[in-house]
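*Asks:* Make a model of this:
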Amino acid sequence: RGSGECIACVAGSFSELEAAPSKWWCGGCPNNSWSFEGSGALTDCKCDAGYHGLDGQECSPCPANSFKPETGSAHCTLCSSVKPFTASPVASTHMDACICLPGYAETLGFCVACAPGQYKVGYGAGICQSCLAGTYSSVIAATGESTCTPCPAGTWSEEGA
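*Replies:* Just a heads-up that it's a prediction; the model follows:
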């Protein structure tokens, strides 16, 4: 019944046992890690993109506001170090996951603070909204319409003041 050849452990598993008698000796890599077919050591298990940790150990997700595009033991990169005023979800795998914070709008690939008289409520793409006529705001990077204050009696303002 033999095939006359040894059979490699499948990708995502490994076996440190020489002369293993069956596929059941191939153990799975720890959570959130992966190995090539035929891996012969636990340390061949590398963290998935979006996860960090030591080779052969369980990998943890990159925290919010960071990312890691490659497999292996590299550290997660903070979004703010490559694109200021951004955030990303847990376990992000690419810099594109770093999106503008509320109060910031993307312009030419950068997140720019909303000017006084404007605000932006949510994360990501979108433009700064203007305060309504009759209201004003001196806040830079305002995150809500509540920063637009009614003009006092005897004064007025145009939209976006």
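
*Asks:* Give the bridge partners for the most centrally placed residue in the chain, please.
*Replies:* By Cα atoms, centre = their mean, the mean C-alpha position of the chain lies nearest to residue 92, the distance being 2.9 Å. Here residue 92 sits in beta bridges with residue 67, going by DSSP bridges.

*Asks:* Quickly note the distance from residue 160 to residue 129.
*Replies:* From residue 160 across to residue 129, the span is 9 Å (Cβ to Cβ, to the nearest Å). In this view, the C-beta of every residue, glycine as well, is placed from N, C-alpha and C.

*Asks:* Need the overlap of contacts for these two.
*Replies:* Counting by Cβ atoms under 8 Å, 6 or more residues apart in numbering, the contacts common to residue 160 and residue 129 are residue 118.

*Asks:* Run through this protein and note the low-pLDDT ranges.
*Replies:* Filtered on pLDDT under 70, the chain yields the residue ranges 1-4.

*Asks:* Could you give the number of residues near residue 26?
*Replies:* Counted with other Cβ atoms under 10 Å, the burial measure for residue 26 works out to 18 neighbours.

*Asks:* actually residue 33, sorry about that
*Replies:* Taking other Cβ under 10 Å as the neighbour definition, residue 33 ends up with a count of 25.

*Asks:* likewise residue 18?
*Replies:* Using other Cβ under 10 Å: residue 18 sits among 6 other residues.

*Asks:* cool, and residue 87?
*Replies:* 19.

*Asks:* OK, contacts around the closest residue in space to it that isn't next to it in sequence?
*Replies:* Nearest non-adjacent residue to residue 87, counting by Cβ to Cβ, 6 or more residues apart in numbering: residue 65, 5.0 Å away. Counting by Cβ under 8 Å, 6+ apart, residue 65 touches 78, 79, 80, 86, 87, 88, 98.

*Asks:* Including distance to residue 106 and secondary structure, could the residues you listed go into JSON lines?
*Replies:* Putting these into JSON lines (distance: Cβ to Cβ, whole Å; DSSP: H, G, I helix; E, B strand; the rest coil) gives the following:
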{"residue": "78", "distance to residue 106": "18", "secondary structure": "strand"}
{"residue": "79", "distance to residue 106": "13", "secondary structure": "helix"}
{"residue": "80", "distance to residue 106": "15", "secondary structure": "helix"}
{"residue": "86", "distance to residue 106": "9", "secondary structure": "strand"}
{"residue": "87", "distance to residue 106": "13", "secondary structure": "strand"}
{"residue": "88", "distance to residue 106": "14", "secondary structure": "coil"}
{"residue": "98", "distance to residue 106": "11", "secondary structure": "coil"}
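
*Asks:* Cheers, nothing more for now.
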